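Visitor: Provided below for reference: sequence and predicted model.
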Amino acid sequence: TELHQSHSLDEAYLDLTENVTQRISKKKGKCIENVPQNGMDSVELFEEASLAVEEMRNEIFTATGLTASAGIAPNFRLAKVCADINKPNGQFVLKPLANEITTFVDALPIRKIGGIGKVTEKMLNCIGVANCRDLMDKMPEIWHVFSAKTSEWLLRVALGVSDDGAGDPSVGNDSSVGRKGEDLRERAEFGGIRGRFDGALQKAFQRHGKGEFGGQKCDFEGQDE
C-alpha cells in the first residue's frame, strides 16, 4: 500500500483499506467496482486484514530473520497499543465494535498511550488518574492542571479517538519491525461536552458497523531471534 507513515527505523503505519477490499473482492470473484466498501461487513474487513498482516509478518521473518508483533485496530493510536499485547511474535485485533473498544480503552493504563511520559503520568496520578477511564472521569480537573491543547488531546485519548483520519473510509495499519531493545470549571459543563462527544462517537460506530466506513490500523514490532 502507498498509504503509509514511517515513524522510526523499525515502525510504520499502513492504511490497508484498498488492499483488503481488493483481496475480499478477488476471493468473491468480483471486480472491485462491483463490491463497494460500504457493501462489506466491517468485521469481514478486519478478519481479512488480520490474514494480510500475518502474511506480512511471515514475509518479514523470511527476508530478515526478525520476528514481528502486530496490532490491528480502528485507528493508529489503538493499533500501536494492540501491537504490544502479543509480543514478540504475534498479533492482536481490536474489532470495530463500540462495546469492545470502550472496554479495551477504559482499562488501558495511561502509560500505555504514546505521548504520555513519566512527567505527565505523575501529574495525572496526582489527580487520581491511572487509566483511560479515569481520564474521562477526571476531565474537569485535567482542564485546570493542563493546557487546553493537552486537555483536548487527553479527551481524545479517553474516547479512543486518534488524529489519523480513522473516521474516513479507510483501513489502516500501524506497523513497526524492530531489533531487540527497546478551562472547564464546572463538572456539569463538562458533562454536556462529554454527552456531545459520546453521541457523535456512537453514531460513528453505528455507521461503521453498517459498513459505511471502515478503519483498521496495525502496529508491528519485532525482535531478533
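Guide: On my side now, so go ahead. Numbers count the residues shown, from 1 in each chain.
Visitor: measure A68 to E59 for me?
Guide: For A68, the distance to E59 equals 10 Å [Cβ to Cβ, to the nearest Å]. In short, each C-beta sits where N, CA and C put it, glycine included.
Visitor: compare neighbour counts for these two and give me the winner.
Guide: A68 (28 against 11; other Cβ atoms under 10 Å).
Visitor: name the next helix or strand following whichever strand or helix holds that one along the chain.
Guide: A68 belongs to strand 66-73 when assigned by DSSP states H and E. Remark: after strand 66-73, the chain's next helix or strand is helix 76-83, criterion DSSP H and E.
Visitor: what angle do that next one and strand 66-73 make?
Guide: Orientation check (axes from the mean of the first three to the mean of the last three Cα atoms, to 10 degrees): helix 76-83 against strand 66-73 gives 130 degrees.
Visitor: let the chain start at 56 from now.
Guide: New numbering, starting at 56: the last item is helix 131-138.
Visitor: and helix 131-138, what does it pack onto?
Guide: Under the contact criterion of 3 or more Cβ pairs under 8 Å, 6 or more residues apart in numbering; DSSP states H and E, helix 131-138 touches strand 121-128, strand 146-148, helix 153-161, strand 227-230, strand 272-279.
Visitor: weakest of the ones you listed by average pLDDT?
Guide: Confidence, taken as mean pLDDT, is least for strand 227-230 of the helices and strands packed on helix 131-138 (a mean of 41).
Visitor: my guess is W208 contacts I171. True?
Guide: No. Counting by Cβ atoms under 8 Å, W208 stays clear of I171, with 9.7 Å between them.
Visitor: show me what contacts G183?
Guide: Counting by Cβ atoms under 8 Å, 6 or more residues apart in numbering, G183 makes contact with D189, K193, E196.
Visitor: excluding chain neighbours, what is closest to V212?
Guide: I168 (5.5 Å; Cβ to Cβ, 6 or more residues apart in numbering).
Visitor: for that neighbour, the count of nearby residues, please.
Guide: 22.
Visitor: and M111, how far from A104?
Guide: 10 Å.
Visitor: not counting its neighbours along the chain, what's nearest K142?
Guide: Per Cβ to Cβ, 6+ apart, closest to K142 is S124, 4.3 Å.
Visitor: quick one: mean pLDDT over whichever strand or helix holds R188.
Guide: Assigned by DSSP H and E, R188 falls within helix 187-192. When pLDDT is averaged over helix 187-192, the result is 95.
Visitor: report all helices and strands that that helix contacts.
Guide: Helix 187-192 packs on helix 153-161, helix 203-214, going by 3+ Cβ pairs under 8 Å, 6+ apart.
Visitor: pull the CA atoms of the first one into CSV?
Guide: Coordinates of the C-alpha atoms in helix 153-161 are reproduced here as CSV (Å, rounded to 0.1, in the frame of the first residue of the first chain):
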residue,chain,number,x,y,z
ALA,A,153,-18.3,0.0,20.2
ASN,A,154,-18.6,-2.1,23.4
GLU,A,155,-15.3,-3.9,22.7
ILE,A,156,-13.4,-0.6,22.0
THR,A,157,-14.9,1.1,25.1
THR,A,158,-14.0,-1.8,27.4
PHE,A,159,-10.5,-2.0,25.9
VAL,A,160,-9.8,1.7,26.2
ASP,A,161,-11.2,2.2,29.6
